[in-house]
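Novice: okay, here's the prediction I keep looking at, along with the sequence it came from:
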Amino acid sequence: MDHQMDHKMDHDTRPAERWIKPYGDTLDDGRVQLSFTLPVALDDNSKEAARRLALAMGLDEPAVSHAQDMGQGFSFYVVYGQCRHRVDLSTIKVAKPEFEVLDKDTIDALIAEKMGRKLVVVGACIETDAHTVGIDAIMNMKGYNGHKGLESYHQVRAINLGAQVDSEDLVARAIEERADVILVSQVVTQKNIHLDNLTRLGDILEAEGLREEVILVVGGPRITHELAKELGYDAGFGPGSYAENVASFAIDEWIRRHGAHGQGATT
Amino acid sequence: MAELQLDGAQISRARESARRIARRVYDEMSGNTTTTVERATLRLMGIDGVDDNGVPLPNRVVDSLRAGGLLAHGAALLVAGAMAEQGLSAQQVAQGIADGALSLTRPDNSHAAREVASAEARRMCDHIARQRAVRAERIDATAQARSPWLYLIVATGNIHEDIVQARAAAEQGADVVAVIRSTGQSLLDYVPHGATTEGFGGTYATQENFRLMRAALDEVGARVGRYIRLTNYASGLCMPEIAAMGAMERLDMMLNDSMYGIIFRDINMQRTFIDQFFSRMVNGYAGIIINTGEDNYLTTADAVDAAHTVLASQLINEQFALLSGLTPELMGLGHAFEIDPGLENGFLWELAHAQLVRQVFPQACLKYMPPTRHMTGNIFRGHVQDALFNVVSTVTGQNIHLLGMMTEAIHTPFIQDRYLAIENARYVFGTMRDLHSEVEFKRGGRIERRAQQVLAEAEAMLAEVEKIGLPAAIGRGTFADISRKPDGGKGLDGVLAKADDYFNPFPGLMLKAA
């Protein structure tokens, strides 16, 4: 019952504190599992080192449940422990694009009504990124996981440029197609190459004077909306996003920029 | 496992269609060469190194010949002409061109030039044949790995770090180590030089990197008592050059597909068809197992709907490989375990597809790829998906088994991801070792009917492709739902018609031997 109290607002409208920590089989036992490799051969000392590392990570009563030598001076550990830390859920507000996710037909109808023309989306995996899984899932007819892609939307003109597209080429194509939305996918994030790529695209758009014109969206397995905003993008979509998420955001953002009655409709 | 009942005449019809499809492309392309075929030829004549600006000498020579309107005669002929007339080595000729001290002209004595080129080519062919013999001796000297061979990937971007991980993988039980290439290399129209330590999502394919990794795997292989096979990528805009480098440095496998670059990297199809022929010829002569990329179709198209496109493409890849002199044992035809885990009986369809491919290509060195498309951040479910993949691989007798990583959807594998993947595969392969000979497919059952259906669809698809020709079929998005046009894509500017006196010493030597 105390839990329900936690949800109520304080009289000064601050939400009540709501401290949480990991759950194993008893509330607040803090039980967590982790696994890692140490760059040393397995022996009693390395096992103790694994335990102490867990301790240093903030785990009480750490126990090495499995340890194995992997050859070449590496050893693998599975460790359980009790997390000392807790967080106050009531203080957390994750940035996410504020829009309602609509279904395909509603999106098509909204575009037709507000824009009076098709929404033009140009998408690509930029620079060295060769992984089209993400951009294809959002843009291609078939879509992903039963969610049709943007190509299947009657009111969207979806142009998927595919993999390894230079930022310059993407921007040139966006100008040529009078794109409303530029959608970029970044899958490879080794050595943070995606940050360089995304910054570069943003800079080129800025230099072309287009940054305010287009709705700039990035997606990928390591992308969050927060990261996207930091990089100067309008939205970021991570795992579990489908075409309707992107399209809903795009039309919502377009309406916001052009006024609810579509006076901004051009062409 | 007792075999599925399949219509042998239907398989023959599909194969004949594929033969005619490949032959037509081959005939249409045989009057052309490409800049990278010519550069590969120069590399095989012993030209290596870079100029002061880091431009590879094979590029300098080919660019200079092209600018002089001479490339259509064949780079080998022109370089050999200068060698004959001036008493220089091929490398000295290339250096002379790069220094601006030498410019090539059509040889006065073209017979002498051909003789010199052929002598250089024979010397290289002898070297490659020796490498092939070394491989055979080392494999004979140790126990041949039981198939499926465990195929593992390293991809740190730094060749020295790759070596550490590859050694660990070999000690843990890997039979094959593949060094993933830096993302983007497929679109470079030159091959980087030297040992490299900076790559993204992989490590640059360079001849020095090949040499370093080969030496490391030989060393660890001797220690663990197995020959560890080394894999890289003869693909992209420099497909023939990378094949040449791999042949020289005794790589054992090369990813090498007749259509992958066209479809997935938007490389021009004329360029690819010409390049794949030369590169496969080199691979065949060197005894290098090619790995084809049909698994990729299932990353964009649905694995159930598009199962027949995999089989049809494998049949086409087989025929292109035969034209290049590759024997069936060197054909690592690719396919994959990519059906949506949420689909009821999906495992049955995976079994049907894998067994079908096994029976259609009984001698091929089949390469079976793990789930990727439906892998998520849930590593625990991912480990189970990989275990099911391991089951299908062992009970259908696949040959090259690319180990699935439970962290597939998250990052390039950690060292423990590889370790756990090997443990998973060894467990399944061991505990199910002889299951295939103990159970039979139910006659007329779901699995058999599914395989028959995929075969019938592949036959029909090939008949259709044959009718319109392969380029037009690719234009229609027949494979992976991606459409490419004959004059589109990257690298078309590197295609040129051969002159009447075009000369290249390698086809005569390498195809004859095959």
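Specialist: Now that the structure is in, tell me what you want to look at.
Novice: which stretches of the stretch 301-450 of chain B form helices?
Specialist: B:307-323, B:346-360, B:379-395, B:415-431, B:446-468 (DSSP state H, counting those that start in this stretch).
Novice: okay, now residue A:40: neighbour count?
Specialist: Residue A:40: 14 surrounding residues under other CB atoms under 10 Å in any protein chain shown. For the C-beta atoms, the positions are set from N, CA and C on the backbone; glycine is no exception.
Novice: report the contact partners of residue 86.
Specialist: Let's take chain A. Contacts for residue A:86 were tallied using CB atoms under 8 Å, 6 or more residues apart in numbering or on different chains; they are A:19-21, A:28, A:30.
Novice: meant chain B actually
Specialist: Contacts of residue B:86 (CB under 8 Å, 6+ apart): B:93, B:102.
Novice: give me the pLDDT value at it.
Specialist: Looking at residue B:86, its pLDDT reads 94.
Novice: now residue A:264
Specialist: Reading off the model, residue A:264 has pLDDT 43.
Novice: measure residue A:219 to chain B for me?
Specialist: For residue A:219, the distance to chain B equals 14 Å [CB to the nearest CB, to the nearest Å].
Novice: since we're on the closest residue to that residue other than its chain neighbours, how many residues are nearby?
Specialist: Nearest residue to residue A:219 in three dimensions, chain neighbours excluded: residue A:237, at 4.0 Å (CB to CB, 6 or more residues apart in numbering or on different chains). As a burial measure, residue A:237 scores 24 neighbours (other CB under 10 Å).
Novice: could you single out the most deeply buried of the helices of the stretch 301-450 of chain B?
Specialist: helix B:307-323 (a mean of 25; mean count of other CB atoms under 10 Å in any protein chain shown).
Novice: which helices and strands does that one pack with?
Specialist: helix B:8-29, helix B:269-286, helix B:297-300, strand B:331-332, strand B:334-336, helix B:346-360, helix B:446-468 (3 or more CB pairs under 8 Å, 6 or more residues apart in numbering or on different chains; DSSP states H and E).
Novice: show residues contacting the last one.
Specialist: It refers to helix B:446-468. For helix B:446-468, contacts defined as CB under 8 Å, 6+ apart pick out B:4-7, B:10-11, B:13-14, B:17-18, B:20-21, B:307-309, B:311-312, B:315-316, B:345, B:348-349, B:351-353, B:355-356, B:360, B:441-442, B:473, B:476, B:478.
Novice: any idea of the pLDDT on the residue lying closest to residue B:3 once chain neighbours are set aside?
Specialist: In space, and not counting its chain neighbours, residue B:3 is closest to residue B:359: 5.8 Å by CB to CB, 6+ apart. In the predicted model, residue B:359 carries a pLDDT score of 98.
Novice: which regions of the stretch 351-500 of chain B sit below the pLDDT cut-off?
Specialist: Per-residue confidence for the stretch 351-500 of chain B (pLDDT under 70) gives no ranges below the cut-off.
Novice: for it, what lies in contact range of chain A?
Specialist: B:373, B:376-377, B:409-412, B:414-416, B:419-420, B:481-482 (CB under 8 Å from any CB of the partner chain).
Novice: state the distance from the residue in the stretch 201-350 of chain B that chain A sits nearest to to residue B:365.
Specialist: The minimum distance from the stretch 201-350 of chain B to chain A, using CB to the nearest CB, falls at residue B:201 (4.4 Å). Separation of residue B:201 from residue B:365 (CB to CB, to the nearest Å): 26 Å.
Novice: would you confirm that residue B:330 contacts residue B:321?
Specialist: Yes. Contact criterion CB atoms under 8 Å: residue B:330 and residue B:321 qualify, at 7.5 Å.
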